[in-house]
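Enquirer: From the sequence below, what's the structure:
(4 chains)
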Protein chains: 2
Amino acid sequence: MSDSPLENLIDHFKQYLPLEEEEILALKSRITERKIKRRQFLLQEGDVCKYFSYVQSGCFKMYSVDEKGFEHNLAFASEDDWISDIGSLHKEIPSKLYIEAIEPAVVLQISKGDLWYLYTNFPKFDRNFRVIIEDKFIALQERLLQTFSSTALERYESFIKQYPQLANRLPSTQIASYLGVTPEFLSRIKNESLRK
Amino acid sequence: MSDSPLENLIDHFKQYLPLEEEEILALKSRITERKIKRRQFLLQEGDVCKYFSYVQSGCFKMYSVDEKGFEHNLAFASEDDWISDIGSLHKEIPSKLYIEAIEPAVVLQISKGDLWYLYTNFPKFDRNFRVIIEDKFIALQERLLQTFSSTALERYESFIKQYPQLANRLPSTQIASYLGVTPEFLSRIKNESLRK
DNA sequence: CGCTACCCTTAAACTAGTTTAAGGGTATTT
DNA sequence: AAATACCCTTAAACTAGTTTAAGGGTAGCG
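Expert: Below is the predicted model of the structure:
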């Protein structure tokens, strides 16, 4: 009904402990909406990460670049997801990561200071972000496990199952980088999996 | 001074928001101390994980077993660390993991129900566990990155730097499984790195 | 329109890491 | 004291995934 720019974010919190009116107001006054173009960066290596960003629309990748110049995708974030280099944000140290828009996007950003304010004054945010992070931790652990115990083909197939929307939206190059293989090898894998 | 069995745990929380007397009492009445023998399990595949465990002494490994019967170490936990299959604990689903003592150990355990009680009645626990999980998330992300962008030798060397105590305490087999290589290959690596 | 920049594929040569097999050392159990 | 179970190493054959190179497709842009 309302077309408040926070509508999606407020709904997002309903999965956890839903926000009361005063929490919504406190949140609202501390959030900045930003439109981001394709290929624009939310974060670049060497900078300190300043924001926790909620993705309202569009899609991002977070990656590092190794000494040889190759990119390694750590995470994608699309609608209704969060993205940030938490380590850099918390410890205020330069990041080793990039966060870049793969598609034009709209994000809602909270600065570290404002996030701390919310944590201190409204314990519900501690709770909600604890659960959000726990879910991310669980997913990351599952992924690390897969990296150790599955072949590239198995990892590809389970990526497709888990993120069917992303599988169509993203170029194969990006998926290969997320799976930890070269685009050439991913191409071979896809071919073999068809011939079965 | 005090030899209360919770001394270490109370000190542990001093890194974050230190506990007040009433929080300590609430915690104390909800914690169970258990002595664990070498090779004894805190969790086995198929069981629902019931506890969040604080390691007071000794050392554990958390691992999965693949279809071929190989173990893959996801994490070690020694003194002053936490261990649990958070996914299984939260969602009350059967775990795919094992948690096994590598050395005789003493743990302080909190059940899910008691943890929920503490979260609801003392927001400080939400805060403290949020930060604990965030730190674990950061470390896990770093490790995944390394898995993608470094050779086994580089990963071995940074494991040694990061956990010098564990490097001496643990058999190489266990370290190999944590690094995601075979014990045979780790042995070759160590040899080559000496000859330089 | 033609140009440039991506993106995807194929294939051959290569390499990091596995598999299999064997032998020796040293705790732990009997 | 012998037996069993781990643990570590070496080495040769193998394989999953990389590297390099080349060609073709297509979308955005001057």
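
Enquirer: hang on, isn't A:Arg34 packed against A:Ala101?
Expert: No. The pair A:Arg34 and A:Ala101 does not pass the contact test of CB atoms under 8 Å, sitting 10.6 Å apart. (Glycine included, C-beta is placed from N, CA and C.)

Enquirer: who has more neighbours, the two?
Expert: Neighbours were counted for A:Arg34 and for A:Ala101 using other CB atoms under 10 Å in any protein chain shown; A:Ala101 has more, 20 against 14.

Enquirer: what does chain A have sitting close to DNA strand D?
Expert: Contact residues, chain A versus DNA strand D (CB under 7 Å from any atom of the strand): A:Lys68, A:Phe70, A:Thr151, A:Ala152, A:Leu153, A:Gly180, A:Val181, A:Thr182, A:Glu184, A:Phe185, A:Arg188.

Enquirer: run the last query once more with 10 Å
Expert: For chain A, the residues found near DNA strand D under the criterion CB under 10 Å from any atom of the strand are A:38, A:66, A:68, A:70, A:147, A:150-156, A:176-177, A:179-189.

Enquirer: Going by neighbour count, which of those residues are buried?
Expert: With neighbours counted by 16 or more other CB atoms under 10 Å in any protein chain shown, the residues of chain A next to DNA strand D contain buried members at A:147, A:150, A:152-153, A:155-156, A:176-177, A:179-181, A:186, A:189.

Enquirer: for the longest helix seen in chain A, packing partners?
Expert: Counting by DSSP state H, the longest helix found in chain A is helix A:123-149. Judged by 3 or more CB pairs under 8 Å, 6 or more residues apart in numbering or on different chains; DSSP states H and E, helix A:123-149 is in contact with helix A:112-121, helix A:152-162, strand B:71-77, helix B:86-91, helix B:123-149.

Enquirer: and of the ones you listed, who's closest to A:Leu6?
Expert: The closest of these to A:Leu6 is helix A:112-121. By CB to CB, the value is 13.6 Å.

Enquirer: now the closest one: mean pLDDT?
Expert: Taken as a whole, helix A:112-121 has an average pLDDT of 97.

Enquirer: Contacts for it, please.
Expert: With contacts defined as CB atoms under 8 Å, 6 or more residues apart in numbering or on different chains, helix A:112-121 is touched by A:26-27, A:30-31, A:50-52, A:89-90, A:92, A:110, A:125-126, A:129, B:127.

Enquirer: Spell out which parts of chain A neighbour chain B.
Expert: Residues of chain A that fall close to chain B, judged by CB under 8 Å from any CB of the partner chain: A:64, A:66, A:70, A:72, A:74, A:86-87, A:90, A:96, A:119, A:123, A:126-127, A:129-130, A:133-134, A:136-138, A:140-145, A:147-149, A:180.

Enquirer: Write the ChimeraX selection for whichever of those residues are buried.
Expert: Only the buried entries of the residues of chain A next to chain B go into this ChimeraX selection, using 16+ other CB under 10 Å:
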select /A:64,72,74,86,87,90,119,123,126,127,129,130,133,134,136,137,138,140,141,142,143,144,145,147,148,149,180
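
Enquirer: thinking again about what came up before, DNA strand C next: which of the buried ones among the residues of chain A next to DNA strand D are close?
Expert: Okay, of those touching DNA strand C (CB under 10 Å from any atom of the strand), that's A:Ala176, A:Leu186, A:Ile189.

Enquirer: Pick out whichever of those sits closest to chain B.
Expert: A:Ala176 (11.2 Å; CB to the nearest CB).

Enquirer: ok, that closest one touching A:Arg188?
Expert: No. Using CB under 8 Å, A:Ala176 makes no contact with A:Arg188, being 10.8 Å away.

Enquirer: if we can go back for a sec, could you export the buried ones among the residues of chain A next to DNA strand D as CSV, including pLDDT?
Expert: Below are those laid out as CSV (pLDDT from 0 to 100):
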residue, pLDDT
A:Thr147, 94
A:Ser150, 95
A:Ala152, 96
A:Leu153, 95
A:Arg155, 96
A:Tyr156, 96
A:Ala176, 97
A:Ser177, 96
A:Leu179, 97
A:Gly180, 96
A:Val181, 97
A:Leu186, 97
A:Ile189, 94
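
Enquirer: Go through those and name the one nearest A:Ala167.
Expert: The closest of those, once distances to A:Ala167 are taken by CB to CB, is A:Tyr156, at 9.3 Å.

Enquirer: so what's the closest one up against?
Expert: A:Ile175, A:Leu179, A:Leu186, A:Ile189, A:Lys190, A:Ser193.

Enquirer: Give me the subset of those residues lying in strands.
Expert: With strands defined by DSSP state E, no entry of the contacts of A:Tyr156 lies inside them.
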